[in-house]
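Chemist: Got a predicted model here, sequence first, then my questions.
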Amino acid sequence: MTDDRPTSERFSLTLIPVAQQALAKIMKATGLTRADSINRAVQVYGFIAEEMHGGKELLLRDSAGNLERVHIV
């Protein structure tokens, strides 16, 4: 019987200050651990990048219904 589960990969990385601040905000807002926050951020970015590569746009709607296009460079 083969184990088809994906394997985990351990990383050591250096975050620039703005990324450190963003990670701290994510952790505070969600209550997630550092590892879980980074894992989810990578998954979300992967999804957004794939959708935008397919021609879609990323839009944010505020409570008044106004739309703002998000540009990721």
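Modeler: Now that the structure is in, tell me what you want to look at.
Chemist: What is the burial count for the closest residue to residue 61 other than its chain neighbours?
Modeler: Of all residues not flanking residue 61 in the chain, residue 67 sits nearest, at 5.4 Å (C-beta to C-beta, 6 or more residues apart in numbering). Glycine gets a C-beta too; all of them are placed from N, C-alpha and C. When counting by other C-beta atoms under 10 Å, one arrives at 9 neighbours for residue 67.
Chemist: Does residue 67 touch residue 57 like I think?
Modeler: No: using C-beta atoms under 8 Å, residue 67 is not in contact with residue 57; the gap is 9.7 Å.
Chemist: Next up, phi/psi of the residue nearest to residue 61, please.
Modeler: With angles defined as degrees, to the nearest 10, residue 67 sits at phi -100, psi 140.
Chemist: in this structure, which residue is closest to the centre?
Modeler: residue 41 (2.3 Å; C-alpha atoms, centre = their mean).
Chemist: pretty sure that residue is in contact with residue 27, am I right?
Modeler: No: in this structure residue 41 lies outside contact range of residue 27 using C-beta under 8 Å: 10.6 Å.
Chemist: what's the helix or strand for residue 40?
Modeler: Here residue 40 is covered by helix 34-53, with elements defined by DSSP states H and E.
Chemist: go on, residue 10?
Modeler: Using DSSP H and E, residue 10 maps to neither a helix nor a strand.
Chemist: next one: the one 10 residues further on
Modeler: When secondary structure is defined by DSSP H and E, residue 20 falls within helix 17-30.
Chemist: Mind listing what's buried along that helix?
Modeler: residue 26 (16 or more other C-beta atoms under 10 Å).
Chemist: Could you list the residues in contact with it?
Modeler: For helix 17-30, contacts defined as C-beta atoms under 8 Å, 6 or more residues apart in numbering pick out 15, 32, 33, 34, 37, 38, 41.
Chemist: would CSV of the residues you listed with distance to residue 53 and pLDDT be doable?
Modeler: Output for the contacts of helix 17-30, formatted as CSV (distance: C-beta to C-beta, whole Å; pLDDT from 0 to 100):
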residue, distance to residue 53, pLDDT
15, 25, 97
32, 27, 98
33, 30, 98
34, 28, 97
37, 24, 98
38, 22, 97
41, 18, 97
